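**Student:** below is the sequence, then the predicted model.
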Amino acid sequence: KAGVTQTPRYLIKTRGQQVTLSCSPISGHRSVSWYQQTPGQGLQFLFEYFSETQRNKGNFPGRFSGRQFSNSRSEMNVSTLELGDSALYLCASSLEGAAGELFFGEGSRLTVL
Amino acid sequence: AQSVTQPDIHITVSEGASLELRCNYSYGATPYLFWYVQSPGQGLQLLLKYFSGDTLVQGIKGFEAEFKRSQSSFNLRKPSVHWSDAAEYFCAVGTTSGTYKYIFGTGTRLKVLA
């Protein structure tokens, strides 16, 4: 069974640009959540989607957005990039969301110059 | 407010020594509890989880954790550490009511001395 796949794995952007990250969950998983990981801050919850609906959202500015498609694949977008957006962005999928085990991808490492 | 605290940012142990990583949580009810491990450049992998029942849970790679309701703790233990255990460990709480979500601690980085 294929795991969670995130693309791209690494990317470099400059301030003011925007970026789109993609996540393909494990087959059959309907919940996809996104986390931002930075040194010292740990994992900060961005949002969670279930069956194309955003169920939960963390405390991030509106520059961070996401969506989920009918095949459960998800994308997140960050517009008007800032230096502080440099981080590892992790996607996790699960069968039904909270209470179930999260399966993480290897992440997309974003560097903003 | 719901929160997870991992008081030790870094821990160093010698190979073969025992290990205990601390985790305390704040939540109004009994949460779902998890420990995840992250190796460098990798995503997180589940070590073990507690939902209900026996408060001592066994996980992969020889890890175990004990849920102590009175102390709001879920400490991770391993009797004998291997060099390959060097990684970052995250404790997490999954809420059991309302808007379901996970809350992660800030992690404990484990270094193993040969």
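**Tutor:** Thanks, I have the structure now.

**Student:** quick check on B:R69: phi, psi?
**Tutor:** Dihedral angles of B:R69 (phi, psi; degrees, to the nearest 10) stand at phi -60, psi -40.

**Student:** neighbours of it, how many?
**Tutor:** Residues near B:R69, counting by other C-beta atoms under 10 Å in any protein chain shown, number 9. Where you see a C-beta, it was placed from the backbone N, CA and C, and this is true even at glycine.

**Student:** I'd assumed B:Y27 was in contact with it.
**Tutor:** No - B:R69 is beyond contact range of B:Y27, at 10.9 Å (criterion: C-beta atoms under 8 Å).

**Student:** what is the burial count for B:S84?
**Tutor:** When counting by other C-beta under 10 Å, one arrives at 10 neighbours for B:S84.

**Student:** distance check, it against B:K61.
**Tutor:** 8 Å (C-beta to C-beta, to the nearest Å).

**Student:** residues touching the spatially closest residue to A:T5 that is not a sequence neighbour, list them.
**Tutor:** Once flanking residues are discounted, A:T5 sits nearest to A:S24: 4.4 Å by C-beta to C-beta, 6 or more residues apart in numbering or on different chains. For A:S24, the contacting residues are A:V4, A:T5, A:Q6, A:R73, by C-beta atoms under 8 Å, 6 or more residues apart in numbering or on different chains.

**Student:** over to A:S70?
**Tutor:** Counted by C-beta under 8 Å, 6+ apart, A:S70 has contacts A:E52.

**Student:** now name the helix or strand holding it.
**Tutor:** Under DSSP states H and E, no helix or strand contains A:S70.

**Student:** my guess is B:T95 meets B:K101, correct?
**Tutor:** Yes - counting by C-beta under 8 Å, B:K101 is a contact partner of B:T95 at 5.5 Å.
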